[in-house]
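[1] please work out how this folds:
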Amino acid sequence: MRRWSALNWSALNWSALNWSARRWGVAAGGAVVAALLIAVPTAVLPTPWFGRDLPVTWWSYPTLALTAILSGLLLASYTAEPGTAPIRPQLRALVGAALSWFAVGCPVCNKIALL
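    The predicted model follows:
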């Protein structure tokens, strides 16, 4: 049995991310859209449309960035290549996105959602 003292990057299956340019484009676009959908209504990104009573916490920014990147990658994983059958998204992805919205936007909920 192999012991893992740290993450062994060479043992990971990187061929799973051998995507086409189309999928990487969907991942990048999905990350930008996810970041905007979370940051604008929660006022992490200051806009004239939404405001905050409490200041943005320091962990909101890394949480927002990580959520946007993972959401983009998740969206790209559900993107079918031309000539293949479409893939159905699962409810867990939507629940995860909703929890991250609360983690960034609600100063009371974020401690619970981040757990």
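[2] quick check, central residue of the protein?
    Residue closest to the mean C-alpha point of the chain, counted by CA atoms, centre = their mean, is residue 67 at 2.7 Å.
[3] correct me if wrong: it contacts residue 36.
    No. Between residue 67 and residue 36 there is no contact under CB atoms under 8 Å: 11.9 Å. Using the backbone N, CA and C atoms, a C-beta is placed for each residue, glycine as well.
[4] in which helix or strand would I find the residue nearest to residue 35 when sequence neighbours are not counted?
    With sequence-adjacent residues excluded and distances taken as CB to CB, 6 or more residues apart in numbering, residue 35 is closest to residue 68, at 3.8 Å. Residue 68 belongs to helix 60-77 when assigned by DSSP states H and E.
[5] how about residue 19?
    With DSSP H and E as the test, residue 19 turns up in no helix or strand.
[6] quick one: residues contacting it.
    27, 76 (CB atoms under 8 Å, 6 or more residues apart in numbering).
[7] on that earlier part again, for the residue nearest to residue 35, what are its contacts?
    Residue 68 is in contact with 31, 32, 34, 35, 38, counting by CB under 8 Å, 6+ apart.
[8] now the residues you listed in JSON lines, with secondary structure?
    Output for the contacts of residue 68, formatted as JSON lines (DSSP: H, G, I helix; E, B strand; the rest coil):
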{"residue": "31", "secondary structure": "helix"}
{"residue": "32", "secondary structure": "helix"}
{"residue": "34", "secondary structure": "helix"}
{"residue": "35", "secondary structure": "helix"}
{"residue": "38", "secondary structure": "helix"}
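[9] tell me which residues of the helix holding residue 68 are tucked away?
    Neighbour-count burial for helix 60-77 flags 60, 63-64, 67-77 (criterion: 16 or more other CB atoms under 10 Å).
[10] what do you get for stretch 95-107?
    Those would be 97, 99, 100, 101, 102, 103, 104, 105, for stretch 95-107 by 16+ other CB under 10 Å.
[11] just those residues now: which is nearest residue 82?
    residue 97 (26.6 Å; CB to CB).
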